[in-house]
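Colleague: Sequence first, then the predicted structure:
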Amino acid sequence: MADEALVLGIETSCDETGVGLVRGNTLLANEIASSVDEHARFGGVVPEVASRAHLEAMVPAVHRAFDKAGVSWADVDAVAVTAGPGLAGALLVGVAAAKAYALAYGKPLYGVNHLSAHVAVDVLEHGPLPQPCVALLVSGGHSSLLLVPDVTREVVPLGSTVDDAAGEAFDKVARVLGLPFPGGPHIDRVARDGDPAFVAFPRGKADDGTLDFSFSGLKTAVARWVEARERAGDAVPVNDVAAAFQEAVVDVLTAKAIAACRDHGVDDLLIGGGVAANSRLRALAQERCDAAGVRLRVPRPGLCTDNGAMVAALGARLVEAGRPASSLDLPADSSLPITEVLV
Ligand code: KG4
Ligand code: ZN
């Protein structure tokens, strides 16, 4: 269709170099180069290592995306890039690359919010977003509940974590249990053979009447439990502890997401971010949405983790909504507020 915008999206806010090509709501290419293996021995992302990896991966990823999509720069209507939030040095590589491409090929540039992009990506899987919807974004860097009247212009924060992000809690608990980094997928896997009711770990802020989260008390409770067990010379039942920890996280996430829908009279819940790949989160969210009469949308795992297609998807929505492009001197903003969809 002629009125569908073809947008190249660049994402470098953390450790994934993502380049996506999207036409309208259709995914054409989603190339990802991850530096996660280089961070594994440190147990967390090292910003300088991530920035250098982005620098090396960027141009080849752009070339791969064009090859995959079978389009060329002449077909591109706009370039979109994650302007924030994220790691400052890492963001800078993507923003600089996007500016260079936009200037060299004479394309408008859209500096976008990473969190809005996590919401917008679902158009690639499930079509136009219901307006409004509630979004639960859970990853290694963020845990937020958002009211999204219109992803191209208005995103309202309803609650967020007061300490660790949900994915960060998964990664830290995995480390305590001797599982590799990033720990989320490993906890998900070993928990399948565990008993979620093995220990009733604390549900931080569960009943405080807010839509905020807290995971650091839970992480400490798991660490203390494991230490006590080890001190007593007993084996640690990794499957059971992982399952009980995971249950505590997904219990509060889903309860508060449903509460957000109820409080705001919204019938559609969208879950995104790396932790949205979690099988128990998906299952419990579906169960509770069904009970509450809420429709649930969760993109496939490859679109939940950081990627360039999500940035391109938001860019295409912005172009089609007629929003003005960003200035070529747009800054990378490591603490870009969620309310700023477009810089
Ligand atoms: O969105 P993402 O790729 O990057 C950030 O912006 O952080 O999310 C990565 C996070 C990591 O903390 C990882 O452990 C977690 O998502 N994660 C999972 C699963 N897959 C990835 N957490 C729980 N269960 C999973 N299956
Ligand atoms: Zn993310």
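Modeller: It's in. Residues are numbered from 1 along each chain as shown. Ligands and ions are numbered 1, 2, ... in the order given.
Colleague: Residue of the stretch 101-250 of the chain closest to ligand 2, please.
Modeller: The nearest approach of the stretch 101-250 of the chain to ligand 2 comes at Ser139, 4.3 Å away (CB to the ion). (Each C-beta comes from the backbone N, C-alpha and C, glycine too.)
Colleague: isn't that residue right next to Ile271, touching?
Modeller: No - the pair Ser139 / Ile271 is not scored as a contact, 10.9 Å apart, by CB atoms under 8 Å.
Colleague: which residues touch Gly204?
Modeller: Gly204 makes contact with 213-218, 252, according to CB atoms under 8 Å, 6 or more residues apart in numbering.
Colleague: Would you mind measuring from it to Ser214?
Modeller: To Ser214, Gly204 is 3 Å away according to CB to CB, to the nearest Å.
Colleague: In a helix, Leu8, correct?
Modeller: No - assigned with DSSP: H, G, I helix; E, B strand; the rest coil, Leu8 falls outside any helix and is strand.
Colleague: Report the contact partners of it.
Modeller: 19-21, 62, 65, 76, 78-80, 101, 107, 308, 312, 315.
Colleague: low pLDDT regions in the stretch 51-200 of the chain?
Modeller: Across the stretch 51-200 of the chain, nothing is flagged by pLDDT under 70.
Colleague: returning to what we had before: tell me the most packed of the contacts of Leu8, by neighbour count.
Modeller: Tallying neighbours with other CB atoms under 10 Å puts Ala312 at the head of the contacts of Leu8, with 39 neighbours.
Colleague: check contacts around the nearest residue to that residue once chain neighbours are set aside.
Modeller: Counting by CB to CB, 6 or more residues apart in numbering, Ala312 lies nearest to Gly9, which is 2.9 Å off, once chain neighbours are set aside. Gly9 makes contact with 18-22, 79-81, 117, 308-315 under the criterion CB under 8 Å, 6+ apart.
Colleague: I'd like the list of those that fall within strands, please.
Modeller: Among the contacts of Gly9, the ones falling in strands (DSSP state E) are 18-22, 79-81.
Colleague: ok, stretch 141-150 near ligand 1 or not?
Modeller: Yes - applying CB under 6 Å from any ligand atom, one finds stretch 141-150 touching ligand 1 at Gly141.
Colleague: Now tell me what touches that stretch from outside.
Modeller: In contact with stretch 141-150 (CB under 8 Å, 6+ apart) are residues 13-14, 85-86, 115, 119, 129, 131-137, 154-161, 165-168, 211, 213, 215, 253, 256-257, 260, 264, 266, 270, 273, 275, 338.
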